[in-house]
Every structure is written in structure tokens, then in C-alpha cells.
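Peer 1: No letters, just coordinates:
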């Protein structure tokens with residue numbers, strides 16, 4: 001049995017301490033530690049976000065954790081509750097990456113050993129017992145993976161929740177812009193930028209960048225979003241996380257190989273995951289799964305929390321964090337090593353369930369076919385030789401946001417379910433479609449609709465599914481039509497792997513029917529008896545405010561087509577247009 005813990009009520013705060021790097025650059029850190037004799041394990045965190053906003057005084061002034069629906073929710077206050085860590089016998093060290101705020105140097109320049117050097121400095125302090133772990137979510141989580149790959153022996157375990165992108169790092173193209181559809185979160189998060197920048201006369205750019213910039217400046221889709229076009233005109237002087245994807249809307253060559261080389265270097269235990277609303281971020285939930293798949297480590301864990309984002313300043317899930325480190329840093333036998341590999345909050349059931357792997361080993365992969373009259377059914381399509389039924393294509397026309405605020409869509413629903421249906425894991429949609437333009441975005445939405453006790457009959461009032469049924473959006477998938485090329489070696493039925501290289505960009509020939517496979521981000525939901533599974537296909541989303549602003553930085557709009565586009569979905573196909581769901585037998 002674990003011993004009764006010792007708590008520490010008094011805390012020493014030390015701000016802006018200098019930490020020298022091997023190349024002479026000085027980084028700055030804050031230290032919170034118990035006001036007591038002895039040495040303690042250390043929980044280190046670091047990010048590009050302003051470390052001064054993580055200070056105890058900021059949290060104490062807010063007084064309570066701000067829920068995701070509070071106007072005072074500030075996402076970047078996510079380094080952890082220093083007072084709680086210290087009270088539980090840990091030193092909390094909060095740093096900032098080079099090139100950020102008070103740390104010298106330039107972001108991502110000669111920083112390959114910065115975490116190693118920082119941990120080395122930490123272990124030489126009289127208050128450190130030689131055992132280091134890492135905490136913090138999002139950008140603070142992304143640095144944990146980098147630190148683990150640098151391999152300091154004192155770093156015993158990490159807890160990178162809201163994991164950041166895996167392929168290409170925190171803002172790597174594959175995880176942040178799935179399917180090649182460019183999202184605008186890097187623009188919105190730029191409001192909290194603490195990296196040193198200078199805006200002057202637009203500078204000259206290196207030749208390859210200059211060429212890409214000139215192409216981007218002619219892009220009518222970009223020009224339609226004047227807030228993004230403004231970033232382009234400044235030629236990289238602000239919001240680089242938005243500027244460069246606009247110039248290079250594909251995965252950089254060598255990204256996959258470099259990432260897998262990095263994954264092979266990570267040898268320590270970890271817990272990763274995201275909140276279930278993180279499909280809108282994309283990179284946190286995608287990254288968590290990619291790290292979980294890609295790292296060969298017996299003590300690895302994946303979990304997803306309820307769909308609302310954690311409160312800020314971050315203080316939730318600290319019981320789990322402390323329990324994790326009580327074992328790996330303090331050596332307490334508290335059962336952590338016996339924890340299941342996967343723990344998911346099940347929406348619709350509102351309780352936790354655990355599993356032995358991801359995807360869940362017991363998964364029954366179930367195809368739901370799309371039919372005329374907005375039907376979604378496990379009944380497939382017969383061969384043309386076997387039936388008179390020859391379903392014509394469904395279609396929608398989407399005007400650009402310069403002409404409408406109306407989002408057109410196709411919608412498909414199952415009948416009210418005869419029994420509870422548990423869906424946990426990755427999802428895909430396979431379909432055939434034509435356009436009358438050279439490109440579009442495919443945006444796929446999965447919802448839980450109901451309960452529905454209605455009957456659909458010929459009687460007046462019963463000819464349509466009721467319009468006022470409750471519905472919950474569960475997840476989405478994205479694919480730019482011109483980025484449809486697949487890597488057959490890496491693709492799985494439930495996870496199509498798009499190549500996303502400049503060489504495989506294929507404009508659509510108007511009128512030509514093409515196959516599309518869309519990865520829909522993983523979810524966990526119990527569709528209860530009497531509910532309907534709902535699938536929507538659209539091509540547009542919108543900012544909630546004017547001038548490109550949104551109500552939440554992590555629910556961004558995407559760069560959509562500036563043209564009016566006719567989309568035809570071909571239901572009649574021998575391979576069967578289908579939604580592939582991971583059904584878990586009860």
C-alpha cells in the first residue's frame with residue numbers, strides 16, 4: 001500500500017533564472033519549490049507560450065478555473081498548477097523556448113539539445129533529487145516529445161496530454177491540416193504570440209520561398225480571406241504558423257522519415273491523449289494517436305477526456321499526473337504499471353471505459369452504406385444485373401462565403417437504432433464524386449441524432465424526419481479533392497493515408513468521377529436505442545464573427561473555395577459508397 005503522502009504548505013518562487021545552453025544562448029525559467037530542506041523530484045515544462053502567464057499570481061487573480069464556455073478562458077495558461085505540484089512534494093520548473101519572450105536566440109535555430117541542457121542544469125541544483133518528469137498540455141506537451149527524444153537519463157517519464165502534432169512537430173502539416181485542408185487556428189492563436197518578431201518593410205525572401213509567395217499572392221481562395229491575405233503581404237513577418245502553410249500547402253519532403261527516426265529515440269513511459277472535442281484542433285488528437293502507434297514502449301497509455309476543453313488555468317487531471325509521477329519519480333507502488341493501455345470517455349453513456357489497444361482489438365468494422373432519400377444503412381448495393389434499382393447521384397451546390405452564409409450539405413440518417421451501438425475508434429468514408437470545378441474541400445461530419453420516436457409515413461406531418469430532434473456533433477473529417485492520392489502501403493481501411501506531397505497534387509477534371517477516401521477523426525460514443533447515426537457531407541465552414549474571427553481559437557474555419565461548385569455524390573457503385581464505423585460488441 002502507498003504510504004500516506006507528505007504535503008508542503010509553503011513555497012519558494014524564483015523567477016527568470018538564467019540557464020546557459022551549450023552554444024552560449026541563455027534561456028529563462030521560473031522555479032516553484034517546497035520551502036523545506038531536502039531534494040525533490042522535478043516536473044519540468046516548457047513551450048513557446050509566454051511563461052509569465054503561467055505564474056501563480058495570474059492563476060490566483062482568476063481565483064477559479066475558467067470553464068471552456070467562460071469568456072475568461074485563456075487557452076495558453078496550460079503549464080499546470082504549481083501550488084498543487086509543490087504541495088505534493090515536487091519542484092515545478094517552467095521554461096520558455098529559445099526565441100520566446102525572455103529567452104535568447106531564435107526559434108528552432110540550434111535548439112536540438114536545449115531540453116537536454118536544461119534538464120542537466122536542473123539536476124545540478126541542490127533542490128533536485130535527480131528525477132525529472134514533464135507536464136503541461138498542448139504546446140507544453142509538444143516539447144515533452146522533443147525532450148524525450150533528446151534522451152537525458154534523468155528524464156524518467158512524460159505526460160504529454162493534448163499532444164501536439166507528431167509528423168512534423170507541433171504544427172506539422174499532416175496532423176494540423178488533415179487531408180490538406182488548411183485551417184486557421186495558427187492565425188487565431190497569434191493573438192498570444194510572445195516570440196520576438198519585427199514588422200518593417202516587407203523583406204526579400206529566399207528564391208524558393210519567393211516563388212511560392214508569388215503563387216500564393218495570386219490564389220483567389222487566399223485573397224478572399226483578407227485577414228490571411230494580410231499575412232501574405234507582410235512576407236513572413238507575422239504568424240509564421242499561418243504564413244508557411246499558405247505558401248507550402250503540403251507535407252515537407254522527408255517529414256515522415258525524420259519523424260519516425262525521432263519516435264525510435266523515445267524510450268521512456270508516457271501518457272498521452274486529448275479531450276474529445278480536440279478533433280477541431282486536429283493536431284492534438286491526431287498527434288496523440290500517431291505517437292501511441294509509433295513508439296515502441298510497454299508503458300504507454302492513451303486516453304480521451306470529455307468533449308469540453310479543460311479549465312484554465314490548467315488544474316484538471318492533476319490527480320492522474322501526480323499518481324503517474326509518484327510511481328515513476330518517487331518509486332511508489334500505486335498500480336500505475338497495471339493501468340489499461342487505453343481509457344476513453346464514452347459520450348452518450350457519460351462514463352469511462354478501458355481497452356487493451358488502439359484500435360480496440362474487439363472492433364467489428366461495420367459498413368454503413370449511403371442511399372437515396374438520405375438513408376444510411378448496413379444494407380449494401382446490389383449489382384446492376386440483380387435489380388432495377390439504379391440510384392442517381394445526390395448533389396449540392398455551394399456558393400462561396402463572399403455570396404452566402406448558408407452552408408449546403410447532404411445528410412444521411414439511419415433508422416432509429418433497435419439497440420445500443422457503441423462506436424469507439426478511427427473512422428473513414430469512401431465515396432465517388434464529380435465536380436464542375438478543379439477543386440473543393442470535402443468536410444465530413446458525424447452526429448448522434450435523437451432520441452426519435454417518430455414514424456415516417458405518408459400521413460401529413462410524418463413525411464419527413466422531425467426537424468427539431470436533439471443532435472450532437474461527434475467528429476469531422478477533411479480532404480481537399482486535389483490531395484486525394486493515397487499511399488497504399490500506409491493506408492488502412494479505417495485510416496486512409498494521403499501522400500500530401502507537391503508531386504501528387506491532382507486537380508480535378510470537371511465532370512470526371514473520382515474516388516475519395518476521407519479519414520474521419522476518431523471518436524467514442526454510445527448511440528443509444530432510438531437514436532440515429534447521422535452523416536453529413538459539405539464543403540464549407542465559416543468563421544463565427546466578422547473579419548475572420550471565431551468564438552474559440554481551437555474551432556477554426558478553413559480556407560474554402562472562392563468559386564461556386566457543384567458536387568455530385570455517386571451512390572451507385574459496385575464497391576459501395578460507405579461509412580466504416582468501429583463498432584464494439586457489448
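Peer 2: That came through fine. Remember, predicted model here, so these are calculated numbers, not experimental data.
Peer 1: quick one: pLDDT of the nearest residue to residue 136 once chain neighbours are set aside?
Peer 2: In space, and not counting its chain neighbours, residue 136 is closest to residue 45: 3.7 Å by C-beta to C-beta, 6 or more residues apart in numbering. C-beta here means a position set from N, CA and C on the backbone, and glycine is covered the same way. With respect to pLDDT, residue 45 scores 98.
Peer 1: burial count for residue 45?
Peer 2: Residue 45 has 31 neighbours, counted by other C-beta atoms under 10 Å.
Peer 1: For it, which residues are in contact?
Peer 2: Residue 45 is in contact with 54, 79, 80, 92, 93, 94, 95, 134, 135, 136, 140, 143, counting by C-beta atoms under 8 Å, 6 or more residues apart in numbering.
Peer 1: which of those sit farthest apart?
Peer 2: Farthest-apart pair in those is 92 and 143; separation 14.9 Å (C-beta to C-beta).
Peer 1: one step back: which among the contacts of residue 45 gets closest to residue 183?
Peer 2: residue 140 (20.8 Å).
Peer 1: which residues of the protein score low on pLDDT?
Peer 2: Residues of the chain that meet the criterion pLDDT under 70 lie in 1-3, 573-575.
Peer 1: again, only this time at 80
Peer 2: For the chain, residues meeting the criterion pLDDT under 80 lie at 1-4, 194-196, 384, 572-576.
Peer 1: Mind splitting it into its structural domains?
Peer 2: The chain breaks down into these structural domains: 11-172+256-339, 184-247, 364-584 (assignment by automatic domain parsing).
Peer 1: Surely the residue nearest to residue 136 forms part of a helix?
Peer 2: No: assessed with DSSP: H, G, I helix; E, B strand; the rest coil, residue 45 is strand; it does not lie in a helix.
Peer 1: Just grab the bridge partners of it for me.
Peer 2: Using DSSP bridges, the beta-bridge partners of residue 45 come out as residue 94.
Peer 1: quick one: which of the domains of the chain is nearest residue 354?
Peer 2: domain 11-172+256-339 (8.3 Å).
Peer 1: end-to-end on that closest one?
Peer 2: Domain 11-172+256-339 has its terminal residues 32 Å apart, counting by C-alpha to C-alpha, to the nearest Å.
Peer 1: cool, and stretch 121-128?
Peer 2: Length of stretch 121-128, first residue to last, C-alpha to C-alpha: 10 Å.
Peer 1: For that stretch, list every residue counted as buried.
Peer 2: Across stretch 121-128, burial judged by 16 or more other C-beta atoms under 10 Å covers 121, 122, 123, 127, 128.
Peer 1: Show me what it is in contact with.
Peer 2: With contact meaning C-beta under 8 Å, 6+ apart, stretch 121-128 is reached by 19-20, 33, 39-42, 44, 91, 93, 130, 132, 154.
Peer 1: quick one, which of the domains of the chain is packed in tightest?
Peer 2: Of all these, domain 11-172+256-339 has the most neighbours on average by mean count of other C-beta atoms under 10 Å, namely a mean of 20.
Peer 1: between the contacts of stretch 121-128, which is nearest residue 511?
Peer 2: Among the contacts of stretch 121-128, and counting by C-beta to C-beta, the member closest to residue 511 is residue 44, at 57.3 Å.
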